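Student: Need coordinates for the following:
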Amino acid sequence: MLFEADNLVTEEIRRKPEKITTHVHNNYQTSQQDRNNHISHVNKSPETLTEKPQRIEYGPFHCVVPFGNHATLQSRAEEENHWILKGAISPFTGLPQICAFRGEMDANETGFEFYTNTQIDSDSPGWLGRWSGAEPREGLTLKNNKAFLTIRISKNTS
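Tutor: Got it, this is the predicted structure:
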């Protein structure tokens, strides 16, 4: 036997809460739209997307004419404004190496001035930049008793 209170509860359960469902549904749509609007307002800077990692450059160094066996300018590298500098075996150390003077060229010198992403040997004298097989490292290629270094030429009077 059902009491009057039980009938009210049963009646409440049977009733469809349309307004509540619609309200929740509308809030859901609104919150989804807010999320989509928020995401669509994120600005992606073109510089950030295309930016390359910053490289450290060492220099300036320079080579003067006549270049000799320790620094011969070779063909261009894959990157724009970059060249390959080739060195031969040193008669003193027996190792392949590249040598260049530190600092800028004087106004009356003929040659080229350059920068590189590869650090010089730790035992290089104060007036000289030397990249040799004694300290193999990234950026210095040693192949067939030759040393190769990628450089960026900043001044060329040769």
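Student: partners of the helix or strand that contains His62 in the sheet?
Tutor: In this structure, His62 sits in strand 58-64 according to DSSP states H and E. Sheet pairing for strand 58-64, assigned by DSSP bridges, gives strand 97-102 (antiparallel), strand 111-116 (antiparallel).
Student: what about the ones you listed, which gets the closest to Leu142?
Tutor: Taking Cβ to Cβ, strand 97-102 is the member of these nearest to Leu142, at 9.5 Å. C-beta coordinates here come from the backbone N, C-alpha and C atoms, glycine included.
Student: okay, that closest one in PDB with CA atoms only?
Tutor: The C-alpha coordinates for strand 97-102 follow below in PDB (Å, rounded to 0.1, in the frame of the first residue of the first chain):
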ATOM      1  CA  GLN A  97      95.700  21.400 -38.400                       C
ATOM      2  CA  ILE A  98      94.300  24.700 -39.400                       C
ATOM      3  CA  CYS A  99      96.100  27.900 -38.300                       C
ATOM      4  CA  ALA A 100      95.000  31.500 -38.600                       C
ATOM      5  CA  PHE A 101      96.000  34.800 -36.900                       C
ATOM      6  CA  ARG A 102      93.700  36.100 -34.100                       C
END
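Student: Thought His70 was touching Ser90, still the case?
Tutor: Yes - proximity of Ser90 to His70 meets the contact threshold set by Cβ atoms under 8 Å, at 7.2 Å.
Student: between these two, who's got more neighbours?
Tutor: Legend: neighbour count by other Cβ atoms under 10 Å for Ser90 and His70, higher for His70 (22 against 19).
Student: just to revisit the earlier point, quick one: contacts of the strand holding His62?
Tutor: Residues from elsewhere that reach strand 58-64, judged by Cβ atoms under 8 Å, 6 or more residues apart in numbering: 71, 73, 85, 100-105, 109-120, 129, 154-155.
Student: Quick check: mean pLDDT of it?
Tutor: When pLDDT is averaged over strand 58-64, the result is 94.
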